[in-house]
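Q: task: produce atomic coordinates for the following.
(one chain, ligands or ions: 1)
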Amino acid sequence: MAYIDVQHESKRYQMGETVIKANDDISFSIDQGKLTVILGPSGAGKSTLLNILGGMDSPSGGKIVVDGTDIAQFSEKQLTTYRRNDVGFVFQFYNLIPNLTTAENVELATAIVPDALDPTAVLKEVGLGGRLNNFPSQLSGGEQQRVAIARALAKNPKLLLCDEPTGALDYETGKQVLSLLQDASHRDHKTVIIITHNSAIAKMADRVIRINDAKVRSVADNATPLPVSEIEW
Ligand SMILES: Nc1ncnc2c1ncn2[C@@H]1O[C@H](COP(=O)(O)OP(=O)(O)OP(=O)(O)O)[C@@H](O)[C@H]1O
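A: Model prediction:
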C-alpha cells in the first residue's frame with residue numbers, strides 16, 4: 001500500500017463573490033522512502049497541497065490518506081499531534097529562531113517529540129558540527145537551511161516536506177541542500193517531498209508530479225534518479 005494516497009483532493013477559497021480553486025480533483029500516491037518532486041509554476045497550487053499534506057490546512061474535499069489514515073478527517077488536536085510527530089518541514093526562508101543557537105534551534109524541535117534523534121549528531125551529519133554555538137545571523141543562508149534540515153530530520157519524522165528549499169540559495173549551495181534531502185530519502189529511507197518550479201530538480205526524484213492550474217497534469221517515475229551532483233541547470 002502506498003504511504004501517501006491523495007484521492008480527489010480539492011481546496012477552494014471564497015473571495016467575496018468569487019471562488020478560487022487552488023487544488024482541483026488532485027489524485028496521486030507516493031511510496032514510503034521515496035523522493036518526490038511536485039513541480040509547477042507560480043500559482044499552480046503547490047503550497048496549498050503541501051500545507052494540506054503537512055496538516056497545516058484541511059482540504060475542501062477528498063481524502064489525504066497517510067500511513068493508512070485519512071488526515072482530512074482529523075480534529076485540530078489530531079492534526080497538531082500529526083504535525084509534531086510525523087512531519088518535518090523545510091521552508092524557503094529557514095524559519096529559525098534568531099535568539100537561539102544552532103544546537104538550541106534543533107533541541108527545541110526534538111524536545112517535543114517521542115522518538116527524536118540526538119541534535120548534535122544530526123547537525124554533524126549536515127556538516128555543522130563546528131557551528132553548534134552560532135546564532136542564525138552568524139551563518140550563511142546555506143548553513144541556515146542546513147540547520148533547518150537538521151531540525152526537521154532530528155524529529156525523526158516519517159515524512160519530510162520541503163517548500164522551495166533552495167529558493168533563497170545560490171546554485172552550488174542549493175545543490176548541497178538538495179543532496180542532503182536526496183540522502184534523507186535514498187540513504188535514510190525517509191519519504192521526502194520537494195515542491196519547486198525548477199524543472200531540472202525533477203531528475204533527482206523517484207517520482208515527479210506536475211501540477212498546473214490547480215490540477216495534476218502528469219505523474220512520471222524516474223527508473224534511475226540522478227545524484228544531485230550530476231544535475232545542472
Ligand atoms: N489563503 C488563501 N486565500 C485565497 N486564495 C489563496 C489562498 N492561498 C492560496 N490561494 C490561491 O490559490 C492559488 C494557488 O496558490 P499556491 O500558493 O498554492 O500556489 P503555488 O503553486 O505554491 O505558487 P508559488 O510557487 O508562487 O508559491 C493561487 O491562485 C493563490 O492566490
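
Q: and the nearest residue to residue 7 once chain neighbours are set aside, what does it touch?
A: Spatial nearest neighbour of residue 7, chain neighbours left out: residue 63 (4.2 Å); criterion: C-beta to C-beta, 6 or more residues apart in numbering. Every C-beta, even on glycine, is put in place using the N, C-alpha and C of the backbone. Listed by C-beta atoms under 8 Å, 6 or more residues apart in numbering, the contact set of residue 63 reads 5-9, 70, 72.

Q: ok, the residue sitting nearest the centre point of the chain - contacts?
A: Nearest to the mean C-alpha position of the chain, by C-alpha atoms, centre = their mean, lies residue 161 at 1.4 Å. Residues in contact with residue 161, defined by C-beta under 8 Å, 6+ apart, are 50, 53-54, 87-90, 193.

Q: again, only using 6 Å
A: If you count contacts by C-beta atoms under 6 Å, 6 or more residues apart in numbering, residue 161 has them with 50, 54, 89, 193.

Q: tell me if I'm right that residue 26 and residue 217 touch.
A: No. Counting by C-beta atoms under 6 Å, residue 217 is not a contact partner of residue 26; they are 10.7 Å apart.

Q: the more surrounded of these two?
A: More neighbours surround residue 26 than the other of residue 26 and residue 217, with 24 against 12 (other C-beta atoms under 10 Å).

Q: is it fair to say that one lies in a strand?
A: Yes. Secondary structure of residue 26 (DSSP: H, G, I helix; E, B strand; the rest coil): part of a strand.

Q: any idea how far it is from the ligand?
A: 11 Å (C-beta to the nearest ligand atom, to the nearest Å).

Q: just to revisit the earlier point, narrow the contacts of residue 63 to those in strands?
A: Of the positions in the contacts of residue 63, 5-9, 70 sit in strands, assigned by DSSP state E.

Q: for the protein, just list every one of the strands.
A: 4-15, 18-30, 35-39, 61-66, 69-70, 87-90, 159-163, 191-196, 207-212, 215-221.

Q: now, which of the ones in strands among the contacts of residue 63 sits nearest the ligand?
A: Lowest distance from the ligand to the ones in strands among the contacts of residue 63 (C-beta to the nearest ligand atom) belongs to residue 9, with 12.3 Å.

Q: list the contacts for the closest one?
A: Contact partners of residue 9, counting by C-beta under 6 Å, 6+ apart, are 23, 26, 59, 62.

Q: ok, now which ones touch the second one?
A: I take that to be residue 26. For residue 26, the contact set (C-beta under 6 Å, 6+ apart) comprises 6, 9, 216.

Q: and what of the third one?
A: The neighbourhood of residue 59, defined by C-beta under 6 Å, 6+ apart, consists of 9, 11, 52, 72.
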